[in-house]
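Asker: give me the fold of what follows.
(one chain, ligands or ions: 1)
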Amino acid sequence: MAANSNAYLKATRYGKDLVRVMRVYREGETQRCTELTVSTCHYEKPKSSPPFAIQVRLLLDGDIATSYTHADNSVVVTTDTCKNTVNIIAKKSQNVDNIEVFAQEITEHVLKQYAHISHAYVDIIKHKWTRLVVDGKPHPHSFVRDGEDVQTTSVVHQRAGNKITVRSGLKKLLVLKTTGSAFHGFYKDQYTTLVPVWDRIFSTAVDAEWTFTASDSQTLRHINYPAIHAGVRKITCDTFATDDSASVQATMYLMQTTALDQFPEIAEISYALPNKHYVGVDMSKFGINNEGKNLEVYHPQADPSGKLQRKRGHTG
Ligand SMILES: O=c1[nH]c(=O)c2[nH]c(=O)[nH]c2[nH]1
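Answerer: The predicted structure follows:
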């Protein structure tokens, strides 16, 4: 115990990370499955924040701070209990595949069950399992991982004011188009070597995240999150394919505008798009023309990649 130390406990957060859950719903012959990775954190905020970083504060107010400062485990809801909680709520819930609602079921339970916990944080990654089609028919109980893209959510539930924030995400959606993308007219100075192009390969791994306009718990429980996930994914893919892209920035802006227009439930949406470069291989030494209209062989460059990011809300 650091009785004479200048150190203070600024904030605490602990829980269980990487709880992996596979939930199967059996509906007669047809079965559904959802595979998740869940992380849960409880958080007890000190009663007041220090106005500057070196202020000394030793919290002796009880709650979970004493587990750090006084080795008092009586306030610790064990991380093993966190894991059990996730599994048991997964067993009881009809909403495991609706990850935003499932996350809220977990945070609600945590705050009801443990009076000394002030905040519950749940982060979920939903892995992809798509029903297999056999002889043209959806198979009742077989699935395929047909892409590495995942759905995500982060829910923060604060006891004070029953304040809930929900964030949804779409991560690792790898897309590529072989034409319909240009990049020219950019700023040039003595350091510019990039050659303008009117036709190039455009590839990116989409990371998108969005928040919701609703703030009351009732509305947040009943938003159609799966439809919004599917809608944002469709807008992202359709815009990527059909936009005659002037730049990654312009295509990203169009994705955001379309998503905000189509889903008034979304307050803000941000995209992070790495520009995965494909560089034409120089074959001139071999007397082979692999340039301009004859460019057919590319080197997929592992790094560096451009990184284009932007957040957009209804007003900006
Ligand atoms: O669409 C692009 N945006 C950029 O900002 C950029 N920078 C670059 O080198 N290539 C590209 N492409």
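Asker: from now on I want contacts and neighbour counts done on CA atoms only, so please keep to that.
Answerer: Will do.
Asker: how about stretch 170-184: buried residues?
Answerer: L170, K171, K172, L173, L174, G180, S181, A182, F183 (16 or more other Cα atoms under 10 Å).
Asker: give me the subset of these that lies in strands.
Answerer: Within the buried residues of stretch 170-184, residues falling in strands by DSSP state E are L170, K171, K172, L173, L174.
Asker: the fourth one: what's it in contact with?
Answerer: Contacts here follow Cα atoms under 8 Å, 6 or more residues apart in numbering; on that basis L173 touches G147, E148, D149, V150, T204, A205, V206, D207.
Asker: out of the buried residues of stretch 170-184, which touch the ligand?
Answerer: Among those, proximity to the ligand is found for F183 (Cα under 6 Å from any ligand atom).
Asker: pick the one among the buried residues of stretch 170-184 closest to the ligand.
Answerer: When these are compared for distance to the ligand (Cα to the nearest ligand atom), F183 comes out closest, at 5.8 Å.
Asker: isn't the closest one up against L194?
Answerer: No. Proximity of F183 to L194 does not meet the contact threshold set by Cα atoms under 8 Å, at 9.8 Å.
Asker: just the pLDDT for the residue in the stretch 1-150 of the chain positioned nearest to the ligand.
Answerer: At 22.2 Å from the ligand, D149 is the closest residue in the stretch 1-150 of the chain, using Cα to the nearest ligand atom. Looking at D149, its pLDDT stands at 94.
Asker: ramachandran angles for it?
Answerer: With angles defined as degrees, to the nearest 10, D149 sits at phi -70, psi 140.
Asker: who touches it in this structure?
Answerer: H127, K128, L170, K171, K172, L173, L174.
Asker: Y68 and Y8: what is the separation?
Answerer: Per Cα to Cα, to the nearest Å, Y68 is found 11 Å from Y8.
Asker: any chance of the ones in strands among the buried residues of stretch 170-184 in JSON lines, plus pLDDT?
Answerer: What follows is those, written out as JSON lines (pLDDT from 0 to 100):
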{"residue": "L170", "pLDDT": "97"}
{"residue": "K171", "pLDDT": "95"}
{"residue": "K172", "pLDDT": "95"}
{"residue": "L173", "pLDDT": "97"}
{"residue": "L174", "pLDDT": "96"}
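Asker: now tabulate those residues in a markdown table and tack on distance to F263.
Answerer: As requested, those are arranged in a markdown table below (distance: Cα to Cα, whole Å):
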| residue | distance to F263 |
| --- | --- |
| L170 | 15 |
| K171 | 19 |
| K172 | 22 |
| L173 | 20 |
| L174 | 23 |
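Asker: just flag the most distant two among the residues you listed.
Answerer: L170 and L174 (11.0 Å; Cα to Cα).
Asker: need the overlap of contacts for those two.
Answerer: Listed as contacting both L170 and L174 by Cα under 8 Å, 6+ apart are D149, V206.
Asker: quick one: contacts of the worst-scoring helix or strand of the chain on mean pLDDT?
Answerer: Lowest by mean pLDDT, DSSP states H and E among the helices and strands of the chain is strand 30-44, with a mean of 79. The set of residues external to strand 30-44 that reach it, using Cα under 8 Å, 6+ apart, is 11-26, 63-65, 82, 86, 96-97, 117-129, 140-141.
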